[in-house]
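Novice: Pasted the sequence and its predicted model underneath.
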Amino acid sequence: MQKPDNFKGFYKPTYNNSFAGFSGLIGYSTPNGVRLELEGSFENFELKNSNKCTLKNAYKYFAAAAKLKAANNDEIDAPAEGNENHNKYYYVIKNSNISAAATMINLCYDFTSDALGNGEISPYLCAGVGASLVKALNMPHVKFSYQAKAGVNYFLSNSVAIFADAYYHATHDNTFITPVIHKPIKFAGQNAADHNKFTDDHVAEASFDFNYFGGELGIKFILNLLMNIRSFFINFITANL
């Protein structure tokens, strides 16, 4: 960690699947099969331990560059001779889990729009947009989000149904900023007085795509209004796989 030449390649962390996510929604459906929903959800993805580090929790830290070579964005530019800021070329940053709390508005279509009863099945499709509060690199970021779903309802009665679906969720704008920067890594040739300088006037900028596939299993309660012309429903106890 003493020379810029030792730092090559991008930092590419991997995360475990989320099995502890949940969501809930409330919505309004029409006789022609169109359904409008307001959904809230939460997901948490734990950083995967590579088991290659000797120190406990060392896998949660990585070295980041402050300046890249102009001709190659995969290599670090060496500090110039006499540059008093050369201690700022590498920083140690802490990474951890990624969590996302999303609020979405979904527009859905039920292919069987008539009132259904015991044992009947109704497939559906949904598309939604909204906002996600994404905590990445130990900092919260608000991102525009979008998603798509495909699933089926299985009606236990005309007011209760269980459902299962698969979905894709993604965020727009893959830039994440973090001011949580630990002291710079020592360079060979640095003055002893500069070894432990801490600079809080810099932030790190990371670029990565945050999107995921998942599955849901839950129960839906339907409240029929105006002699079944409209229905109001509440969905909860959803498990995201």
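Specialist: Looks like it came in fine. Nothing here was measured: the structure is a model prediction, and the numbers come from that model. Residues are numbered from 1 along each chain as shown.
Novice: C-alpha only now, for contacts and for neighbours.
Specialist: OK.
Novice: Output the below-cut-off pLDDT ranges for this structure.
Specialist: Applying pLDDT under 70 to the chain flags the ranges 1-10, 65-90, 113-119, 179-204, 225-241.
Novice: Residue 59 belongs to a helix, doesn't it?
Specialist: Yes - assessed with DSSP: H, G, I helix; E, B strand; the rest coil, residue 59 lies in a helix.
Novice: okay, now it: neighbour count?
Specialist: Counted with other C-alpha atoms under 10 Å, the neighbours of residue 59 add up to 19.
Novice: List the contacts of it.
Specialist: 49, 50, 51, 52, 53 (C-alpha atoms under 8 Å, 6 or more residues apart in numbering).
Novice: got it, and residue 102?
Specialist: By C-alpha under 8 Å, 6+ apart, the contact list for residue 102 reads 39, 40, 41, 42, 130, 131, 132, 133, 145.
Novice: Mind doing that once more with 7 Å?
Specialist: 40, 41, 42, 131, 132, 133 (C-alpha atoms under 7 Å, 6 or more residues apart in numbering).
Novice: And it, how far from residue 153?
Specialist: 23 Å (C-alpha to C-alpha, to the nearest Å).
Novice: Now that residue 35 has come up, it's in contact with residue 29, right?
Specialist: Yes - Residue 35 is within contact range of residue 29, at 4.1 Å (criterion: C-alpha atoms under 7 Å).
Novice: How about the nearest residue to residue 169 once chain neighbours are set aside: which residues does it bridge to?
Specialist: Distances taken as C-alpha to C-alpha, 6 or more residues apart in numbering place residue 147 nearest to residue 169, at 4.3 Å, with adjacent residues excluded. For residue 147, the beta-bridge partners are residue 128, residue 169 (DSSP bridges).
Novice: what's the answer for residue 143, then?
Specialist: With DSSP bridges as the rule, residue 143 is bridged to residue 132.
Novice: And for residue 36?
Specialist: When assigned by DSSP bridges, residue 36 has beta-bridge partners residue 28, residue 107.
Novice: That one: neighbouring residues, count only.
Specialist: For residue 36, using other C-alpha under 10 Å, the count is 18.
Novice: Repeat that for residue 223.
Specialist: The number of residues packed near residue 223 is 15, by other C-alpha under 10 Å.
Novice: so it touches residue 158, yeah?
Specialist: No - counting by C-alpha under 7 Å, residue 223 stays clear of residue 158, with 9.1 Å between them.
Novice: Can you report how many residues lie near the nearest residue in space to residue 211 that is not next to it in sequence?
Specialist: Closest residue to residue 211 apart from its sequence neighbours, by C-alpha to C-alpha, 6+ apart: residue 170 at 4.1 Å. Per other C-alpha under 10 Å, the neighbour tally for residue 170 reads 18.
Novice: Over to residue 208?
Specialist: Residues within reach of residue 208, counting by other C-alpha under 10 Å, total 10.
Novice: Excluding residues flanking it in the chain, which one is nearest it?
Specialist: Computed as C-alpha to C-alpha, 6+ apart, the closest residue to residue 208 that is not its neighbour in sequence is residue 174, at 5.2 Å.
Novice: Just list the residues touching the one you found, thanks.
Specialist: Counting by C-alpha under 7 Å, 6+ apart, residue 174 touches 207, 208, 209.
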